[in-house]
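Colleague: with the input below, show me the fold.
(4 chains)
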2 protein chains.
Amino acid sequence: MNISQAAKASGLSPKTIRYYERIELIGPASRGNNGYRDYNDSDLDVLRFVQRARATGFSVEECRQLLSLYRETNRHSVEVKALVQDKLQRVEAQIIELQHMRDTLADLVRRCPGDELAQCAIIDRLTHEGIADSIDSHAGSIKNQAHTNQGQTTRGRPQTELR
Amino acid sequence: MNISQAAKASGLSPKTIRYYERIELIGPASRGNNGYRDYNDSDLDVLRFVQRARATGFSVEECRQLLSLYRETNRHSVEVKALVQDKLQRVEAQIIELQHMRDTLADLVRRCPGDELAQCAIIDRLTHEGIADSIDSHAGSIKNQAHTNQGQTTRGRPQTELR
DNA sequence: TCTTGACCTTCCAGTTGGTGTAAGGTTTAT
DNA sequence: ATAAACCTTACACCAACTGGAAGGTCAAGA
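Modeller: Modelled structure (predicted):
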């Protein structure tokens, strides 16, 4: 089974599979005479496992841990659970922060007349202290969540932009 | 006022201010005899404006638009409102997706015994089809939210990692 | 005056999770 | 034979910074 078939079967893109191999998230694929990668059923299981874990919100590094637990036949489920619980907590924290952000934005929208005039409550808020600061103060514990790539589902390939 | 004082006063880091200047989000700072950047009160207003906009969840590109509206004295508040409404929608979509993720994770935690045994419902779920797929199906419209750096508050400098 | 430390400067590299594109080889179908 | 549709590698790019190196400057204390 070549890479694009494995891609279709796993829900990853060929590029992504090669990328996962390059960063050694998955082992090197065996190669055919022509140098093409060749995947068997157990390779596919791993690809699917990673795809599901990513879709469930785990980072690549977390997938690495999950994979080692997956392979480890004498694992303890308590370790797996701890990993997932930790993730759960971080997701919940992020939800709360986004909700605060949403409230701030909704408030800005509500206050802004949305007319032809230059007077604008949104610009005013961003110019002088206000809601943005109040959000800022209670979101203090959640920093540098950048690059965690949380909201990623990575499913299918005709990837359309949302923005 | 030199860069680290401007940083303290705005809530950005000196590195970030230089970065914003480099990507031309803000104009080049005036320089003293020694080549040091020098900030006055109106520069500081801009820095604070950007800091608040970022903390409110706007991307740097969105900040660029907000800044041009901020500077534009004959702006129409309807344009500003449209920008913020669009952002609000994307934040709401992201919240929904994270909530699905949270539900999946909570379900995994609930099903996992968390004991010394190797048998683990979490690994099983990720190995065979299950919740991850069901999430995958309803989250279909929200892809590639990566790199939007939503959950960022960028406040203060002794930045501690959460993970 | 010298030195120490705390600033400042620029520049390059790394982060996350891939995607875009190029340049080239292979296979398949017509 | 030739074109389309694969495959390969490798490099560059995205967001929004941060870290660190290498060097210049400045203020204070011995």
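Colleague: just the pLDDT at the residue in chain A sticking out farthest from the centre, thanks.
Modeller: Most distant residue from the mean C-alpha position of chain A: A:L117, 40.5 Å away (C-alpha atoms, centre = their mean). According to the prediction, A:L117 has pLDDT 87.
Colleague: skip the chain neighbours and tell me the closest residue to it.
Modeller: Computed as C-beta to C-beta, 6 or more residues apart in numbering or on different chains, the closest residue to A:L117 that is not its neighbour in sequence is B:S77, at 5.9 Å. In this view, the C-beta of every residue, glycine as well, is placed from N, C-alpha and C.
Colleague: so what does A:R31 look like in phi/psi?
Modeller: phi -120, psi 150 (degrees, to the nearest 10).
Colleague: and the helix or strand hosting A:V109, what does it pack onto?
Modeller: A:V109 is located in helix A:77-111, with elements delineated by DSSP states H and E. Taking 3 or more C-beta pairs under 8 Å, 6 or more residues apart in numbering or on different chains; DSSP states H and E as contact, the helices and strands that helix A:77-111 lies on are helix A:60-71, helix A:121-127, helix A:131-138, helix B:77-111, helix B:121-127.
Colleague: redo that, cut-off 10 Å
Modeller: Counting contacts by 3 or more C-beta pairs under 10 Å, 6 or more residues apart in numbering or on different chains; DSSP states H and E, helix A:77-111 is packed against helix A:60-71, helix A:121-127, helix A:131-138, helix B:41-55, helix B:77-111, helix B:121-127.
Colleague: out of the ones you listed, which is closest to DNA strand D?
Modeller: helix B:41-55 (5.1 Å; C-beta to the nearest atom of the strand).
Colleague: give me the below-cutoff pLDDT ranges for chain A.
Modeller: Residue ranges of chain A with pLDDT under 70: A:129-163.
Colleague: how about the contacts made by A:S77?
Modeller: A:69, B:112-123 (C-beta atoms under 10 Å, 6 or more residues apart in numbering or on different chains).
Colleague: again, only this time at 8 Å
Modeller: By C-beta atoms under 8 Å, 6 or more residues apart in numbering or on different chains, the contact list for A:S77 reads B:112-123.
Colleague: again, but for A:V109
Modeller: Contacts of A:V109 by C-beta under 8 Å, 6+ apart are B:81, B:84-85, B:88.
Colleague: tell me which of those residues is nearest to A:E61?
Modeller: A:E61 lies nearest to B:L88 out of the contacts of A:V109, by C-beta to C-beta, at 31.7 Å.
Colleague: spit out the contact partners of the closest one.
Modeller: B:L88 touches A:102, A:105-106, A:109, counting by C-beta under 8 Å, 6+ apart.
Colleague: out of those, which end up buried?
Modeller: Buried members of these, scored by 16 or more other C-beta atoms under 10 Å in any protein chain shown, are A:102, A:105, A:109.
Colleague: touching DNA strand D at all, stretch A:118-126?
Modeller: No - Stretch A:118-126 is not in contact with DNA strand D by C-beta under 7 Å from any atom of the strand; minimum separation 14.6 Å.
Colleague: before we move on, what about stretch A:100-112?
Modeller: No - figure legend: stretch A:100-112 not in contact with DNA strand D (C-beta under 7 Å from any atom of the strand); closest approach 13.2 Å.
Colleague: in this structure A:R52 contacts B:I123, no?
Modeller: No - taking contacts as C-beta atoms under 8 Å, A:R52 lies outside contact range of B:I123: 10.8 Å.
Colleague: between these two, tell me which one has more neighbours.
Modeller: Ranked by neighbour count (other C-beta atoms under 10 Å in any protein chain shown), A:R52 and B:I123 place A:R52 first, with 26 against 22.
Colleague: on that earlier part again, and of the contacts of A:V109, the nearest to B:E21?
Modeller: Closest approach between the contacts of A:V109 and B:E21, by C-beta to C-beta: B:V84, at 25.6 Å.
Colleague: helix/strand/coil for the residue farthest from the centre of chain A?
Modeller: Assigned with DSSP: H, G, I helix; E, B strand; the rest coil, A:L117 falls in the coil class.
Colleague: was I right about it contacting B:H76?
Modeller: Yes - A:L117 is in contact with B:H76 according to C-beta under 8 Å; the separation is 7.0 Å.
Colleague: give me the neighbour count for A:Q51.
Modeller: Counted with other C-beta under 10 Å, residues neighbouring A:Q51 total 26.
Colleague: next one: A:C112
Modeller: 22.
Colleague: which one (most neighbours) among the contacts of A:S77?
Modeller: Counting neighbours by other C-beta under 10 Å, B:C120 leads these with 26 neighbours.
Colleague: show me what contacts that residue?
Modeller: By C-beta under 8 Å, 6+ apart, the contact list for B:C120 reads A:69, A:75, A:77, A:80-81, B:112-113.
Colleague: for it, which non-adjacent residue is closest in space?
Modeller: Ranked by C-beta to C-beta, 6+ apart and with sequence neighbours excluded, the top spatial neighbour of B:C120 is A:S77, at 3.8 Å.
Colleague: if I look at the one you found, how far off is DNA strand C?
Modeller: Applying C-beta to the nearest atom of the strand, to the nearest Å, the value for A:S77 to DNA strand C is 24 Å.
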